[in-house]
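Q: Fold the stuff below for me.
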Amino acid sequence: MYLADGRPAPATSVPPGGRRTRRVRAAVPSTVLVLGTVSLITDISSEMVTAVLPLYLVAELGLSPLGFGVLDGVYNGVSALVRLVGGRLSDRGGGAGHKAVAAVGYGLSALCKPLLLLVHSLPLIGAVLAVDRTGKGLRTAPRDAMISLAAEPAARGRAFGVHRAMDTAGALCGPLVAFVLLRAAAEGYDAVFTVSFCVAVLGVVVLLLFVPGRALPAGEGTAGATSAGPTSAGPRTPSAPRTPVRALLRRPEIRRLTACAVLLGLTTVSDSFLYLTLQRRLDLPAGWFPLLPLGTAAAFLSLAVPMGAIADRVGRRRLFLAGHLVLLCAYGLLLAPLDGGTTLVCAVLVLHGAFYAATDGVLAAATADAVPADARGSGLAVVQTGQTAARFVCSLAFGAAWTAWDDHTAVLAAAVGLALAAALSARLLRPAGPAAGPNSPSERTS
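A: You can find the predicted model right below:
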């Protein structure tokens, strides 16, 4: 057990049966709260752009759905190429390396915002988005590593839930700011990109000033999680070798998690395409388009902490799979011949937010349980890279299907694929051995 600042707490005796009935009530570590603040500020910036970018590209610049699919794939796929680099670099720097690499990533993304004011062609916009996603790819694994290392292992789901809730509060505010700027400013898109840059710079400043320089707790071991629970080995010694990526991929749990992340990512339609589908189906006015992400963000914000706590109790892998079944329900509503209007929009967006609450931080917590502390950034990057690369492929395929046929057929193909992927993933993540059950330690912390 660790204190809020990451130091190991003094050993205390556990009464008989206490291990079974004890519930984690420790305060959320300060590192998690500060990183949550950085993410909140940064997400206000990034979601301002994300909220208007699909409409800006398709309606203002006249890109086809296939062209947008290429850009959306770049937006998500480039980060997959550099996540391993970011995770590995941060691990090589020890605990202090996580903050340094994360700061570079946040800084790169901030610098890209004003460049959107200057580019208007597909290749140049793609280049700017690629650099922006490079920044995201660099920072994601180190940031999640700092969260996992600061939190008590048994409460990692809750810690990630708190961080994702704060992150999503920014995602909730970003589209609102974009909506106001589009309606109030004569050059609405220019105003959005300019304000987004200023907010992003503030997030970098908070990171540099308030996040501790060293993320690795002195008492966390280097060995990976055992079948009895998360990392529990003795303290790391300076001479302990760092775990290479190849060694991580030899771990069965990492291979299974990565395979499932890839399978499910191949059928996860991007947020932008989901919002465009809703906008086309209901013929919403362009000025209201930036408000669609608010429904997703509101549901995510409300459910992130409860879902994290549930994952700590019932099993992180189980909740991760259940979240994708929720997404499948959202696809079903998009395909159903319903004329629900506002009700349909709200239902789809709530399900979309619940999907993120049950999968985003939960997957990171499940991965952290299976990775040694000195390779935490690399391990998280391996799984996240697989998921992000798969979503890159999904964006390209969905855009091509929409262009060749229509949005309804594209969503139908994604729904069928998601159902098959969920069935395969359930088989891959099935606990090994007859003794593993819903209340076994390995399942509870997986």
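
Q: name the element G62 belongs to?
A: Applying DSSP states H and E as the criterion places G62 outside every helix and strand.

Q: and what of L412?
A: According to DSSP H and E, L412 maps onto helix 407-428.

Q: any idea of the mean pLDDT for that helix?
A: With pLDDT averaged residue by residue, helix 407-428 scores 95.

Q: and that helix, what other elements does it pack with?
A: helix 252-265, helix 271-282, helix 316-335, helix 376-404 (3 or more Cβ pairs under 8 Å, 6 or more residues apart in numbering; DSSP states H and E). Placement of C-beta: from N, CA and C, glycine included.

Q: Mind doing that once more with 10 Å?
A: With contacts defined as 3 or more Cβ pairs under 10 Å, 6 or more residues apart in numbering; DSSP states H and E, helix 407-428 has these neighbours: helix 65-92, helix 252-265, helix 271-282, helix 316-335, helix 376-404.

Q: How about it, which residues are buried there?
A: Buried residues in helix 407-428, counting neighbours by 16 or more other Cβ atoms under 10 Å, are found at 407, 410-415, 417-418, 421-422, 425-426.

Q: just checking, P212 is part of a helix?
A: No. P212: not assigned to a helix; according to DSSP: H, G, I helix; E, B strand; the rest coil it is coil.

Q: For burial, what's the neighbour tally of it?
A: The local packing count at P212 equals 18, with neighbours defined by other Cβ atoms under 10 Å.

Q: Next, it: phi, psi?
A: Summarising the backbone geometry of P212 under the convention degrees, to the nearest 10, its torsions are phi -60, psi 150.

Q: Now render the buried residues of helix 407-428 as TSV, adding distance to S378.
A: Below are those laid out as TSV (distance: Cβ to Cβ, whole Å):
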residue	distance to S378
D407	38
A410	35
V411	35
L412	38
A413	34
A414	31
A415	34
G417	29
L418	29
A421	25
A422	27
S425	23
A426	27
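
Q: rewinding a little: angle of the helix holding L412 against helix 316-335?
A: Angle between the axes of helix 407-428 and helix 316-335 is 160 degrees (criterion: axes from the mean of the first three to the mean of the last three Cα atoms, to 10 degrees).

Q: what distance separates helix 407-428 from the centre of its chain?
A: Helix 407-428 has its C-alpha centroid displaced from the chain centroid by 20 Å (Cα atoms, centre = their mean, to the nearest Å).

Q: Please renumber the chain so that the first residue is 33 from this point on.
A: With the count now opening at 33, the last piece we talked about shows up as helix 439-460.

Q: so the nearest residue to V117 once chain neighbours are set aside is in which element?
A: The spatial neighbour of V117 that comes closest, neighbours along the chain excluded (Cβ to Cβ, 6 or more residues apart in numbering), is L170 at 7.1 Å. Assigned by DSSP H and E, L170 belongs to helix 154-182.

Q: How far does whatever helix or strand comes next after that helix sit from its chain's centre?
A: Moving toward the C-terminus from helix 154-182, the first helix or strand encountered (DSSP H and E) is helix 188-216. The offset between the C-alpha centroid of helix 188-216 and the centroid of the whole chain comes to 13 Å, using Cα atoms, centre = their mean.

Q: cool, stretch 166-183 as well?
A: On Cα atoms, centre = their mean, the centre of stretch 166-183 falls 10 Å from the chain's centre.

Q: Same check on stretch 207-222?
A: For stretch 207-222, the distance from its own C-alpha centre to the chain's C-alpha centre is 26 Å (Cα atoms, centre = their mean).

Q: And the contacts of that stretch?
A: Judged by Cβ atoms under 10 Å, 6 or more residues apart in numbering, the contacts made with stretch 207-222 from elsewhere in the structure are 76-77, 79-85, 87-88, 92, 146, 148-149, 223-228, 231, 318-329.

Q: now those: which count as buried?
A: 76-77, 79-85, 87-88, 146, 148, 223-228, 231, 321-329.

Q: for A442, what are its contacts?
A: With contact set as Cβ under 10 Å, 6+ apart, A442 has these partners: 97, 101, 301, 305, 309, 429-436.

Q: How many residues are close by the spatially closest residue to it that is not a sequence neighbour?
A: For A442, the nearest residue in space outside its immediate sequence neighbours is A433; the separation is 3.9 Å by Cβ to Cβ, 6+ apart. Number of residues near A433 (other Cβ under 10 Å) recorded here: 20.

Q: The one 3 residues further on too?
A: Residues contacting A436 under the criterion other Cβ under 10 Å number 11.

Q: got a pLDDT number for it?
A: pLDDT at A436 comes out at 90.

Q: Secondary structure element for the most centrally placed residue in the chain, which one?
A: The structure's the chain has its C-alpha centroid closest to D392; by Cα atoms, centre = their mean the separation is 4.6 Å. Secondary-structure element containing D392, defined by DSSP H and E: helix 374-401.
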